[in-house]
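Colleague: here is the input, now give the coordinates:
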Amino acid sequence: MTDVIARILLGLSALFYGASFLCALKKFSKSVPRRLKIAFPAAAFVLNGTVFVLNYVGNVRTRGASFIPFVSVWQCLVFLALCCVLVGLTVRKLCRIEGYDAYFFFASAVVTVGTCVMKSTSVNYPPALQSVFFIPHILCYMFSYSLAAVGALIALRALVKKEDHDPVLSVIARLLFPFMTAGLFFGAVWADQVWGEFWAWDVKECWSLSAWLNYLTALHLYRRPGLKKYARIFMITGAALVIVTFFFSNVLKVPSMHSY
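Modeller: Prediction:
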């Protein structure tokens, strides 16, 4: 898959995610036909998913090995946009939370725009990534990161508009934390397998631990009725820590065992 084709598909996907976001807003939702509310997200998801599948095919052709396309930040971002939609649908179905679809579509749109701007570099498949723990580690973190992004958007609105979204934010925090914990666990076991130690206080490990402690604090605040309002701040700072964790060593190329 050429870089041009990927950018076209992702650009169209971003447009449809944006249209889905507008259709989900309360001020437009009632006037938009139901078929468009279904068609726009479906088109965005299919285009986004097509790039993900083509990334997989491209990995097989260029490296001669069949593995899920998570070996670069760009490939992870393509999947993260899909996660925002999948997680949104799951939260709405399982937790019966209505009226928050716009946040998930907006998060997917922002991530997809980022993939359009970012160069779709192809990296080698280093031995450190060739582990059984690689895929569950990435999957758990992608699910938690998508929830973190949406949680931050809702918390920011709650602070600016002085609205009460704490019940929803509490659900997001409770869903996010187990995934982040599992990602941290798989990462530690994977590190022991590759480097011979569970924890090395590497820069990326420290940032990921900071994000985990941040959401642990948020969960404790949500268990105290008088302190719930302060948990919103931790939902926002948590997303900031996630961004630093995800990009710091990989994009800025700081010295780290996790830079590939």
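Colleague: can you tell me the SS state at the residue nearest to residue 91 when sequence neighbours are not counted?
Modeller: Of all residues not flanking residue 91 in the chain, residue 97 sits nearest, at 5.7 Å (C-beta to C-beta, 6 or more residues apart in numbering). All C-beta atoms are positioned from the backbone trio N, CA, C, and that covers glycine. Following DSSP: H, G, I helix; E, B strand; the rest coil, residue 97 is assigned to coil.
Colleague: residues contacting residue 97?
Modeller: 91, 168, 171 (C-beta atoms under 8 Å, 6 or more residues apart in numbering).
Colleague: give me the lowest-pLDDT entry from those residues.
Modeller: Across the contacts of residue 97, the bottom pLDDT score, 79, is held by residue 91.
Colleague: which helix or strand contains that one?
Modeller: helix 73-95 (DSSP states H and E).
Colleague: could I get the buried residue list for that helix?
Modeller: 73-88, 91 (16 or more other C-beta atoms under 10 Å).
Colleague: stretch 22-30 now?
Modeller: Applying 16+ other C-beta under 10 Å to stretch 22-30 flags 22, 23, 24 as buried.
Colleague: right, and residue 14 touches residue 116 too?
Modeller: Yes - applying C-beta atoms under 8 Å, one finds residue 14 in contact with residue 116, separated by 6.3 Å.
Colleague: so which of these two has more stuff around it?
Modeller: Counted by other C-beta atoms under 10 Å, residue 14 and residue 116 do not tie: residue 14 has more neighbours, with 23 against 16.
Colleague: name the nearest residue to the more buried one, sequence neighbours excluded.
Modeller: residue 112 is the one closest to residue 14 (C-beta to C-beta, 6+ apart), at 4.1 Å.
Colleague: how close does that neighbour get to residue 216?
Modeller: Noted for residue 112: a distance of 30 Å to residue 216, by C-beta to C-beta, to the nearest Å.
Colleague: neighbour count winner among the two?
Modeller: For residue 112 versus residue 216, neighbours defined as other C-beta under 10 Å are more numerous around residue 112 (29 against 16).
Colleague: what helix or strand is that one on?
Modeller: Per DSSP H and E: helix 101-117 holds residue 112.
Colleague: buried ones in that helix?
Modeller: Buried residues in helix 101-117 (16+ other C-beta under 10 Å): 101-116.
Colleague: output the contacting helices and strands for it.
Modeller: helix 3-24, helix 34-63, helix 73-95, helix 134-161 (3 or more C-beta pairs under 8 Å, 6 or more residues apart in numbering; DSSP states H and E).
Colleague: for stretch 202-215, which positions count as buried?
Modeller: In stretch 202-215, counting by 16+ other C-beta under 10 Å, buried: 202, 203, 204, 205, 207, 208, 211, 212, 214, 215.
Colleague: can you flag which of these belong to helices?
Modeller: With helices defined by DSSP state H, the entries of the buried residues of stretch 202-215 inside them are 203, 204, 205, 207, 208, 211, 212, 214, 215.
Colleague: now do the contacts for the nearest residue to residue 32 once chain neighbours are set aside.
Modeller: Excluding the flanking residues, the one nearest residue 32 by C-beta to C-beta, 6+ apart is residue 23, at 4.5 Å. Taking C-beta under 8 Å, 6+ apart, we find residue 23 in contact with 29, 32, 36, 37, 40.
Colleague: now the last one: how far from residue 73?
Modeller: From residue 40 over to residue 73 the distance is 27 Å, taken as C-beta to C-beta.
Colleague: quick revisit: distance to residue 242 added to the contacts of residue 97, as a markdown table?
Modeller: Below are these laid out as a markdown table (distance: C-beta to C-beta, whole Å):
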| residue | distance to residue 242 |
| --- | --- |
| 91 | 18 |
| 168 | 19 |
| 171 | 18 |
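Colleague: one step back: got a list of what the residue nearest to residue 14 touches?
Modeller: 10, 13, 14, 17, 44, 48, 81.
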